[in-house]
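A.B. asks: Fold the following and give me the result.
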Amino acid sequence: MLALFVGSLPGLVLLGVARPALAKPAWTTGTFVYADLCTQPESGTRVGQRVILRRSPNGDGLTYEGAEQSGPLAAGDMTVDDATHAITFAVETGAGALHFEGVATPDALTGTFEDEAGAHPVHLPRVLRSHAHEACRGETTGSIDRRR
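C.D. replies: Alright, predicted model coming up:
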């Protein structure tokens, strides 16, 4: 009798216990830093850019910093799609408007910046912290250019 009861226990558990519906996971909240800022060893000039995305249940925020700017700029008209991770934003730099359209993943920000000079593809790796003062490596992500 005990063997019959024990043998049917898994079946009883499966039938008798309703499983809660699994919630669709939301994109993680937190701060995501995507950057390739560095210093050219030959000239000492700073190159690259940094994008900081802050996700919160109270709202999202984004700042952009280009090597030629004195500090970060708050983005306007920002949208983030939780399902696809598509992201768009615009900032007003000293050289004019800069628009971005692409995808933000846990590993990189990939897409296109567009300014008065045209469209520029970009792939910024996600970093724990940006080291603008460190020397640029020989390899670049393809986003460092001197368009201004």
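
A.B. asks: can I assume Glu101 sits in a helix?
C.D. replies: No. Counting by DSSP: H, G, I helix; E, B strand; the rest coil, Glu101 is not found in a helix; it is strand.

A.B. asks: Against Pro125, how distant is it?
C.D. replies: Distance, Glu101 to Pro125, by Cβ to Cβ, to the nearest Å: 19 Å. Every residue, glycine included, has its C-beta placed from N, CA and C.

A.B. asks: Report the central residue of this structure.
C.D. replies: With distances taken as Cα atoms, centre = their mean, Ala104 lies nearest the centre of the chain, 3.9 Å away.

A.B. asks: ok, that one - contacts?
C.D. replies: By Cβ atoms under 8 Å, 6 or more residues apart in numbering, the contact list for Ala104 reads 32, 34, 53, 80, 85, 87.

A.B. asks: Using just helix, strand and coil, how would you label the residue nearest to Ala135 when sequence neighbours are not counted?
C.D. replies: Counting by Cβ to Cβ, 6 or more residues apart in numbering, Ala135 lies nearest to Pro41, which is 4.5 Å off, once chain neighbours are set aside. When classified by three-state DSSP, Pro41 comes out as coil.

A.B. asks: What about Pro41, how many residues nearby?
C.D. replies: Per other Cβ atoms under 10 Å, the neighbour tally for Pro41 reads 10.

A.B. asks: same question, Asp82
C.D. replies: Asp82 has 11 neighbours, counted by other Cβ under 10 Å.

A.B. asks: And it, how far from Gly30?
C.D. replies: 14 Å.

A.B. asks: what do you get for Val80?
C.D. replies: For Val80 relative to Gly30 (Cβ to Cβ), the value is 13 Å.

A.B. asks: ok, the residue nearest to Ala135 touching Cys136?
C.D. replies: Yes. Using Cβ atoms under 8 Å, Pro41 is in contact with Cys136, at 6.8 Å.

A.B. asks: returning to that earlier point: what do Val80 and Gly30 both touch?
C.D. replies: Contact criterion Cβ under 8 Å, 6+ apart; residues shared by Val80 and Gly30: Arg55.
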